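# let's see this in three dimensions:
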Amino acid sequence: MTADSPSPSRVRPAEVALLVSVFVVAACGLLYELAAGALASYLLGDSILQFSTVIGAYLFAMGIGSYLSRFFERQLIAQFLRIELLVGFIGGLMPAALFALQTASPSSFRFALYSLVLVVGTLVGLEIPLVMRILKRHFRERYALKDLVSQVLTFDYLGALAVAVAFPLLLVPSLGLVRTGALFGLMNAGVAVWALWLFRGELRGLWGHVVSCALVIAALAAAMVGADRISTWAEDRFYADRILYSETSRYQRVVVTSSKAGTRLFLNGNLQFHSRDEYRYHEALVHPAMAGHGAPKRVLVLGGGDGMVVREVLKYPSVERVTLVELDPHMTTLFSEQPLLRSLNGDALRSPKVHVVNHDAFAWLEQNPGEYDVIVVDFPDPTNFSIGKLYTTSFYTLIDQHLAASGYAVVQTTSPLIARKSYWTVAQTIEAAGLTTTPYHAHVPSFGEWGFILASRRPFRAPTELPAVLRFLTLDGLPALFQFPPDMSRVPAEVNRLSNQVLVQTFEQEWGKVH
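As a prediction, this is how the structure comes out:
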């Protein structure tokens, strides 16, 4: 060290710097873990499975790192400095590298993901033991072992807490994953520079360390500046169309692409609609319930922030008010402001009849009274447990409580051909909630054979009249939608409850055979 030995009661700058470093390295370590989990969820699906396996692998690797730290005997500060640069370089560039790899070589993505998680986790596992040994070696007169462990772990957990809160609420929505990774890589490199300056008198080969710091900082700064280009390059190749809009919200990655064939919306990499045939999906979803009711006045739409369902609902003059409950404000803002997307939904979200609420549908139904003549449920498929809760008996019981006595609810219900058991699991679950079901399906070229289920307290009565402006549905063609050939007919299925979430597992197995 460069300064004289301190008195036992005086806190020295190097000591404070090391404790602050613990806060920073803990924040960076958790950030890389969360970034890897989020990327795996975006690109591989099933967020709970991906987060669980990534966190498990990361913690395992940290244990390896902690064990290996015992073999570092000499030049602890130089070793700590090198590890900070390696963590910053590999962890900071990991999101950019995985984005690019998913585009260039999708088959190797999973191997690369877990390899990087193991490497970064091992390096992060080395950090805290080394810091504790440096503190003990340089400030032994101030610390008993219990005080040292208490002090270091306090800063460690505070750093983790700060990132756990900031990651979904601030960092990803405002910076995106690539730029956030590079920013925290720079913070790791900053710790290395800080250690380099404070302990410069003890380090051998000082200029070699200076050059290493400069190179790592330059690489991370370049990634930070070029984050948008990296994301655009990767997504242009992944989606094979021009990216019209891409943004990461608190809830999902929203990408809109455009080409001569039309406009497509992707949420977390999953296609939600293609403008060339979305009318087939939305007409089939909305009109059997709306026309079957006859004269609906109050309509509730859950999900469907793109406004396409609302567009179809507004074709009925009897409708007085439409309440749209969509979790992600990015979606409703995008589809009510972007000219091309407004033209697709016919400016439906700007209609004076429409009231947009950005809230979790499950919680909103629990907290708000009111009955509706028609309820349209247009959620993404149950790819994870957070969406799967919207397909449970608990949720359909809430639907029942908000449905007028003569009303109809309708639920988009994945493909009865590809995910046959999943489809009939939804029917079984709605019936378990006390509602009568009327299943039907339609062919949507972008999706294939797609399923829907009507739910009501009375038998479904087929409509005798449809709006004149429809492009797909006709009165003559309607009966065929309610006929199921043998390969889509009903199969035994369990009831999907909050306590078992069998639908998510079944859905994963059935669609996993396709992808």
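# so which helix or strand of the chain has the lowest pLDDT on average?
Averaged element by element with mean pLDDT, DSSP states H and E, the chain has its least confident helix or strand at helix 227-239 (a mean of 74).
# report the inter-axis angle for the helix or strand G37 falls within versus helix 227-239.
Taking DSSP states H and E as the definition, one finds G37 inside helix 13-44. In terms of direction (axes from the mean of the first three to the mean of the last three C-alpha atoms, to 10 degrees), helix 13-44 departs from helix 227-239 by 20 degrees.
# distance from helix 13-44 to the middle of the chain?
Chain-centre distance of helix 13-44: 19 Å, with C-alpha atoms, centre = their mean, to the nearest Å.
# quick check: can you list the domain ranges of the chain?
13-238, 276-512 (the TED database).
# next, format those as JSON lines and append mean neighbour count.
Where C-beta positions appear, they are placed from N, C-alpha and C, glycine not excepted. Listed next are these as JSON lines, based on neighbours: other C-beta atoms under 10 Å:
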{"stretch": "domain 13-238", "mean neighbour count": "19"}
{"stretch": "domain 276-512", "mean neighbour count": "19"}
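# tabulate the ones you listed (TSV), appending distance to Q252.
What follows is the domains of the chain, written out as TSV (distance: least, C-beta to C-beta, whole Å):
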stretch	distance to Q252
domain 13-238	8
domain 276-512	6
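# out of those, the one nearest G269 is which?
For G269, the closest of the domains of the chain is domain 13-238, at 5.9 Å, according to C-beta to C-beta.
# name the SS class of E510, please.
Three-state assignment for E510 (DSSP: H, G, I helix; E, B strand; the rest coil): helix.
# that one contacts P416, doesn't it?
No. The criterion here is C-beta atoms under 8 Å, and E510 misses it with P416 at 10.6 Å.
# which one of the domains of the chain lies nearest to S249?
Per C-beta to C-beta, nearest to S249 of the domains of the chain: domain 276-512, 4.0 Å.
# where are the low-confidence patches of the stretch 201-350 of the chain?
Judged by pLDDT under 70, the stretch 201-350 of the chain has its weakly predicted residues at 240.
# what's the answer for the chain, then?
In the chain, residues with pLDDT under 70: 1-12, 43, 45-48, 103-104, 106, 140-145, 240, 512-515.
# from the chain's centre, how far out does the strand or helix carrying I90 sit?
Using DSSP H and E, I90 maps to helix 76-104. The chain centroid and the centroid of helix 76-104 are separated by 23 Å, computed with C-alpha atoms, centre = their mean.
# nearest spatial neighbour of A40, skipping sequence neighbours?
Using C-beta to C-beta, 6 or more residues apart in numbering and skipping residues adjacent in sequence, the residue nearest A40 is Q50, 3.7 Å away.
# okay, and the one you found sits in which element?
Short version, using DSSP H and E: Q50 is in helix 47-68.
# report the distance from that helix to the chain centre.
That offset, for helix 47-68, works out to 19 Å (C-alpha atoms, centre = their mean).
# return the list of helices and strands in contact with it.
Applying 3 or more C-beta pairs under 8 Å, 6 or more residues apart in numbering; DSSP states H and E, one finds that helix 47-68 contacts helix 13-44, helix 109-138, helix 385-388.
# export those to CSV and tack on distance to T180?
Below are those laid out as CSV (distance: least, C-beta to C-beta, whole Å):
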stretch, distance to T180
helix 13-44, 7
helix 109-138, 15
helix 385-388, 22
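# with respect to G434, which of those helices lies nearest?
Comparing the helices and strands packed on helix 47-68 by C-beta to C-beta, helix 385-388 comes nearest, at 20.3 Å.
# who does the closest one touch, helix- and strand-wise?
helix 47-68, helix 502-512.
# which residues sit against the helix holding Q50?
With C-beta atoms under 8 Å, 6 or more residues apart in numbering as the test, helix 47-68 has contacts from 29, 33, 36-37, 40-41, 44, 113-114, 117-129, 383-386, 508.
# need the contact list for the spatially most central residue of the chain.
Against the mean C-alpha coordinate of the chain, by C-alpha atoms, centre = their mean, the closest residue is Q252 at 4.1 Å. By C-beta under 8 Å, 6+ apart, the residues touching Q252 are L267, N268, D328.
# N368 versus the residue lying closest to the first one once chain neighbours are set aside, what's the distance?
Sequence neighbours aside, Q252 is the residue nearest to L267 in space, at 5.0 Å (criterion: C-beta to C-beta, 6+ apart). Between Q252 and N368 the distance, using C-beta to C-beta, to the nearest Å, works out to 24 Å.
# V256 looks like it's in a strand, true?
Yes. V256: assigned to a strand according to three-state DSSP.
# residues near it, how many?
Neighbour count for V256, taken as other C-beta atoms under 10 Å: 23.
# could you shift the numbering so residue one becomes 49, and keep it that way?
Taking 49 as the first residue, the last one we looked at is V304.
# that one is in contact with Y293, isn't it?
Yes. Using C-beta under 8 Å, V304 makes contact with Y293 at a distance of 4.2 Å.
# so what sits against both of these two?
Here V304 and Y293 share the contacting residues L382, Q386, scored by C-beta under 8 Å, 6+ apart.
# contacting residues around R301?
Y90, S294, E295, F314, L315, N316, G317.
# derive a ChimeraX selection command for the buried subset of these.
Only the buried entries of the contacts of R301 go into this ChimeraX selection, using 16 or more other C-beta atoms under 10 Å:
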select :90,294,314,315,316,317
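# quick one: A541 is in a helix?
No. Under the criterion used here (three-state DSSP), A541 is coil, not part of a helix.
# and R277, how far from A83?
The gap separating R277 from A83 is 19 Å, by C-beta to C-beta.
# the closest residue to R324 other than its chain neighbours: neighbouring residues, count only.
Spatial nearest neighbour of R324, chain neighbours left out: G310 (4.2 Å); criterion: C-beta to C-beta, 6+ apart. Neighbour count for G310, taken as other C-beta under 10 Å: 16.
# please report phi then psi for G310.
Torsion angles at G310 (phi, psi; degrees, to the nearest 10) stand at phi 140, psi -170.
# how far away is it from G496?
Using C-beta to C-beta, G310 is found at 17 Å from G496.
# V302 now?
Between V302 and G496 the distance is 23 Å, computed by C-beta to C-beta.
# likewise M110?
M110 sits 44 Å away from G496, taking C-beta to C-beta as the criterion.
# in contact with P515, which residues?
P515 makes contact with H335, A339, K363, Y364 under the criterion C-beta under 8 Å, 6+ apart.
# kindly report the same for I265.
Each residue near I265 by C-beta under 8 Å, 6+ apart is listed here: L234, A237, V241.
# just L319 next, same as before
Contact analysis of L319 by C-beta under 8 Å, 6+ apart lists R312, L313, S494, F495.
# follow-up on the earlier one: would you turn the helices and strands packed on helix 433-436 into CSV with distance to V422?
Formatted as CSV, the helices and strands packed on helix 433-436 follow (distance: least, C-beta to C-beta, whole Å):
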stretch, distance to V422
helix 95-116, 31
helix 550-560, 24
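# what's the closest of the ones you listed to V543?
helix 550-560 (7.9 Å).
# for the residue nearest to L315, give its distance to A457.
24 Å.
# quick one: the helices in the stretch 199-348 of the chain?
220-246, 254-273, 275-287, 326-341 (DSSP state H, counting those that start in this stretch).
# any chance of CSV for the ones you listed, columns distance to L483?
Conversion of the helices of the stretch 199-348 of the chain to CSV gives the following (distance: least, C-beta to C-beta, whole Å):
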stretch, distance to L483
helix 220-246, 37
helix 254-273, 52
helix 275-287, 38
helix 326-341, 13
